[in-house]
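Participant: predicted model, plus sequence, below.
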Amino acid sequence: MRLSDQSEEILETLWVKLVENKHRWVDTEICGNNDVLLELQANECVDRKKNRLTLTETGTEEARGCIRRHRLAERLLNDVLRMKEGVIHEASCDFEHALHRGVDANVCTLLGHPRYCPHGSPIPEGQCCKEQHEHPEQLVKPLATLRKKRTGIVAYLHTDDQQAMQKLIAMGVLPGTAVEVIQTFPTIAFQAGRSQFAIDKELAEKIMVRQNVKK
């Protein structure tokens with residue numbers, strides 16, 4: 001399903017009012033114009049009784065995805081791009097529509113599966129979050145704890161430090177990147193893709209790696 005940007009924004013509002021704030025229904029005036037209401041009805045996202053709207057099962061799932069992409073966009077703009085507070089919400093409204101299914105999982109993983117947006121609102125879990133919970137904890141460790149010649153895949157970057165996040169991104173150390181530890185003292189040296197880097201232990205603690213299991 002691919003809804004218009006306007007319909008996705010209405011679904012976000014419906015999610016907040018009906019799911020988070022527990023309203024029983026929302027007035028149809030929230031749609032602003034009849035085209036948006038007709039699109040939501042045509043895609044079986046809402047039930048309408050006179051001037052009252054509620055979310056269908058399909059609509060609830062779509063709204064959940066919309067609010068998740070919006071709040072992940074806010075986290076990305078705040079934590080990585082360091083945008084000013086006053087423009088984060090407006091910019092997120094535009095940016096979220098680019099986070100199609102699959103891309104939002106990459107962003108979520110990059111940010112370490114955040115639970116809340118910068119304003120404290122909860123970010124609905126995605127499949128990537130559930131998979132992260134299911135992986136045995138001992139298989140995902142900071143790069144700083146891996147022995148020499150151990151290999152793995154970057155799972156996520158575990159930091160709220162914007163400068164550290166930007167430094168790692170500039171190196172190309174992103175979720176899904178294959179890494180191999182080359183040296184553990186005095187600095188931690190590792191190979192990421194075709195490049196080699198040497199970093200201190202503090203920064204290496206922020207790179208969470210899913211180790212390759214030896215058979």
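Facilitator: Ah, there it is.
Participant: in the chain, which spans are strands?
Facilitator: 26-27, 46-49, 52-55, 140-142, 151-157, 178-183, 188-192, 195-199, 207-211 (DSSP state E).
Participant: what segments of the chain are helices?
Facilitator: For the chain, helices defined by DSSP state H occupy the ranges 5-14, 34-42, 57-79, 85-95, 103-110, 127-134, 162-171, 201-204.
Participant: what is the mean pLDDT for the longest one?
Facilitator: The one in question is helix 57-79. The average pLDDT for helix 57-79 rounds to 90.
Participant: quick one: that helix to strand 151-157, angle?
Facilitator: Orientation check (axes from the mean of the first three to the mean of the last three C-alpha atoms, to 10 degrees): helix 57-79 against strand 151-157 gives 90 degrees.
Participant: make JSON lines out of the strands of the chain and add distance to Ile169.
Facilitator: (C-beta placed from N, C-alpha, C; glycine too.) Output for these, formatted as JSON lines (distance: least, C-beta to C-beta, whole Å):
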{"stretch": "strand 26-27", "distance to Ile169": "39"}
{"stretch": "strand 46-49", "distance to Ile169": "39"}
{"stretch": "strand 52-55", "distance to Ile169": "36"}
{"stretch": "strand 140-142", "distance to Ile169": "17"}
{"stretch": "strand 151-157", "distance to Ile169": "8"}
{"stretch": "strand 178-183", "distance to Ile169": "15"}
{"stretch": "strand 188-192", "distance to Ile169": "12"}
{"stretch": "strand 195-199", "distance to Ile169": "13"}
{"stretch": "strand 207-211", "distance to Ile169": "11"}
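Participant: could you tell me the least trusted of these?
Facilitator: strand 140-142 (a mean of 83).
Participant: buried residues in that strand?
Facilitator: By neighbour count on 16 or more other C-beta atoms under 10 Å, the buried set for strand 140-142 is Val140, Lys141.
Participant: ok, residues contacting that strand?
Facilitator: Residues outside strand 140-142 that contact it (C-beta atoms under 8 Å, 6 or more residues apart in numbering) are Gln132, Ala155, His158, Ala204, Glu205, Lys206, Ile207, Met208, Val209, Arg210, Gln211.
Participant: mind checking which of these are buried?
Facilitator: Taking 16+ other C-beta under 10 Å as the criterion, what is buried in these is Gln132, Ala155, His158, Ala204, Glu205, Lys206, Ile207, Met208, Val209, Arg210, Gln211.
Participant: distance of the fourth one from Ile67?
Facilitator: Note on Ala204: its distance to Ile67, by C-beta to C-beta, to the nearest Å, is 34 Å.
Participant: identify the farthest-apart pair in the buried ones among the contacts of strand 140-142.
Facilitator: Gln132 and Ala204 (20.1 Å; C-beta to C-beta).
Participant: quick check: phi and psi on the residue in the chain sticking out farthest from the centre?
Facilitator: What lies farthest from the middle of the chain is Lys50; by C-alpha atoms, centre = their mean that is 36.9 Å. Main-chain torsions, Lys50, degrees, to the nearest 10: phi 60, psi -120.
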